[in-house]
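**Q** Predicted model follows, preceded by the sequence.
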Amino acid sequence: MKNCLSFDDVLLVPKFSEVFSRKEISLENKLGSELLNIPIISSPMDTVTEDEMVVAMNNSGGTGIIHRYNSVRDQASLVKNCGNAKVGAAIGVSGDYLDRAKAVLDNGANFLCVDIAHGHHALMRYALETLRNTFGNDIHIMAGNVATREGYEDLAKWGANSVRVGIGGGSICSTRIQTGHGMPTLQSVINCSESELSGEIPIIADGGIKNSGDIVKALAAGADFVMLGSLLAGTKESPGGVYHENGETFKVYRGMASKDAQISWRGHTSSIEGVTSTVPFKGPVRAVLEELCTGIKSGLSYSGCTSISQFQASNSFVGQTSAGAMESNTHILFRNKR
Ligand code: IMP
């Protein structure tokens, strides 16, 4: 049995650096023909990405994917509300997915995201082949999620231009508890990045990213982008209202396979593989992204790198023990705890 590494199992060893200022560092990367200034994509979830989030992500240099848990007409109008936005739109692999694809493309979507829980599946192959036959080769299609290099390579072979990598790692995900299946997201990224296709087919690390340090580790492991749910949930631009409780302000964040989400989008539940939670209200997403990007740039600077491609080639991971992981946290706080 192989040991699989998660974000907290590893650290990057600092290297000699000649980077004098974070201004020297570029976080830009290409998703198909789109050049994005930051390597961050907001997740197609109904408490994360609708029109306002996409606009805010664009304003900070990233992009977002409008979720598919609504009517075709509603999703198309959310895509349209963004005007000239760099915007992706999620679709499934059955039912109305072709109508949905046509509607969102007609309304200005820049790329499609074939968004299913277990992407390494015959239904995905059929959907990708059908989408290619229907819409041709010019449209960028992201697909996922997968956990393995085989999954990543198959999706690329079937027609995907970029692949979401990570199964069971999401903060609101109970797939591993419910099904016993999954793989630590960092390990999945490491395995996919060993493929000859990496570099050609962007890897999007998705699920379980808790802070800028995890983003830095995902990029070092070979990811080209990260996809964020919980880190962007609870912001002003995430869909949903604000709740007040004991003087604190919250918003709801829920897994799309949670009981609540399933009941609201299809009226019944089948396999429940997610939970509903509240997250503290965080204010505008711009401030959250600024803080994350400052951390990412500092991360590149600790490795002496000024671009993502340079950083991806400079892998310096070491494992850390649980004592090391404890030392990595701000442990002074625990001492004063009463
Ligand atoms: P987070 O950034 O750790 O919160 O993870 C977000 C990711 O979790 C999403 O981009 C999806 O890949 C995944 N996800 C969303 N909803 C569910 C669910 O209900 N169950 C399992 N995974 C989910």
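**A** Okay, I see it.
**Q** What is the neighbour count of residue 70?
**A** Around residue 70 there are 17 other residues, counting by other Cβ atoms under 10 Å. All C-beta spots, glycine's among them, are computed from the backbone N, C-alpha and C.
**Q** residues contacting it?
**A** By Cβ atoms under 8 Å, 6 or more residues apart in numbering, the residues touching residue 70 are 46, 78, 265.
**Q** Next up, phi/psi of it, please.
**A** phi -160, psi -180 (degrees, to the nearest 10).
**Q** And residue 262, by the same measure?
**A** Per degrees, to the nearest 10, the backbone of residue 262 is at phi -60, psi -40.
**Q** re earlier: which of the contacts of residue 70 tops the neighbour count?
**A** Highest neighbour count within the contacts of residue 70, by other Cβ under 10 Å: residue 78, with 23 neighbours.
**Q** any idea which helix or strand carries that one?
**A** Here residue 78 sits within helix 72-80, counting by DSSP states H and E.
**Q** worst-scoring helix or strand of this structure, pLDDT-wise?
**A** Taking mean pLDDT, DSSP states H and E as the measure, the helix or strand of the chain with the lowest value is helix 332-335, at a mean of 65.
**Q** and of the contacts of residue 70, the nearest to the ligand?
**A** Taking Cβ to the nearest ligand atom as the measure, the ligand sits nearest to residue 46 out of the contacts of residue 70, at 9.5 Å.
**Q** Tell me how many other residues surround the residue in the stretch 1-150 of the chain that the ligand sits nearest to.
**A** Here the residue of the stretch 1-150 of the chain nearest the ligand is residue 43; by Cβ to the nearest ligand atom that distance is 3.4 Å. Using other Cβ under 10 Å, residue 43 is surrounded by 27 other residues.
**Q** Now it: closest residue in space that isn't a chain neighbour?
**A** In space, and not counting its chain neighbours, residue 43 is closest to residue 229: 4.3 Å by Cβ to Cβ, 6 or more residues apart in numbering.
**Q** pretty sure the one you found contacts residue 169?
**A** No - the pair residue 229 and residue 169 does not pass the contact test of Cβ atoms under 8 Å, sitting 10.4 Å apart.
**Q** Need the overlap of contacts for those two.
**A** residue 207.
**Q** I'd assumed residue 23 was in contact with residue 306.
**A** No - counting by Cβ under 8 Å, residue 306 sits too far from residue 23 to count as a contact (10.0 Å).
**Q** out of those two, which sits in the busier spot?
**A** A count of neighbours by other Cβ under 10 Å puts residue 306 above the other of residue 306 and residue 23, at 17 against 8.
**Q** Backbone dihedrals for that one, please?
**A** Residue 306 adopts backbone torsions of phi -120, psi 0, taken as degrees, to the nearest 10.
**Q** Close to the ligand: what parts of the stretch 201-338 of the chain are there?
**A** 206-209, 227-230, 255-258, 273-274 (Cβ under 6 Å from any ligand atom).
**Q** where's the residue of the stretch 51-200 of the chain found nearest the ligand relative to residue 233, distance?
**A** Closest to the ligand within the stretch 51-200 of the chain is residue 170: 2.4 Å, counting by Cβ to the nearest ligand atom. Taking Cβ to Cβ, to the nearest Å as the measure, residue 170 falls 11 Å from residue 233.
**Q** Could you do residue 271 as well?
**A** Residue 271 sits 23 Å away from residue 233 when distances are taken as Cβ to Cβ.
**Q** got the contact list for the helix holding residue 78?
**A** The contact list for helix 72-80, computed with Cβ under 8 Å, 6+ apart, reads 50-51, 66-68, 70, 87, 89, 96, 99-100, 103-104, 106-109.
**Q** Weed out the non-buried ones from these.
**A** For the contacts of helix 72-80, a burial check counting by 16 or more other Cβ atoms under 10 Å picks out 50-51, 66-68, 70, 87, 89, 100, 103-104, 107-109.
**Q** So which of those sit within strands?
**A** Using DSSP state E, 66, 87, 89 are the members of the buried ones among the contacts of helix 72-80 that sit in strands.
**Q** got a markdown table for those residues, with pLDDT and distance to the ligand too?
**A** Below are these laid out as a markdown table (pLDDT from 0 to 100; distance: Cβ to the nearest ligand atom, whole Å):
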| residue | pLDDT | distance to the ligand |
| --- | --- | --- |
| 66 | 98 | 13 |
| 87 | 97 | 16 |
| 89 | 98 | 15 |
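**Q** which one among those residues gets closest to residue 290?
**A** Residue 290 lies nearest to residue 87 out of those, by Cβ to Cβ, at 21.3 Å.
**Q** out of the ones in strands among the buried ones among the contacts of helix 72-80, which one sits closest to residue 58?
**A** Nearest to residue 58 among those is residue 87, at 7.8 Å by Cβ to Cβ.
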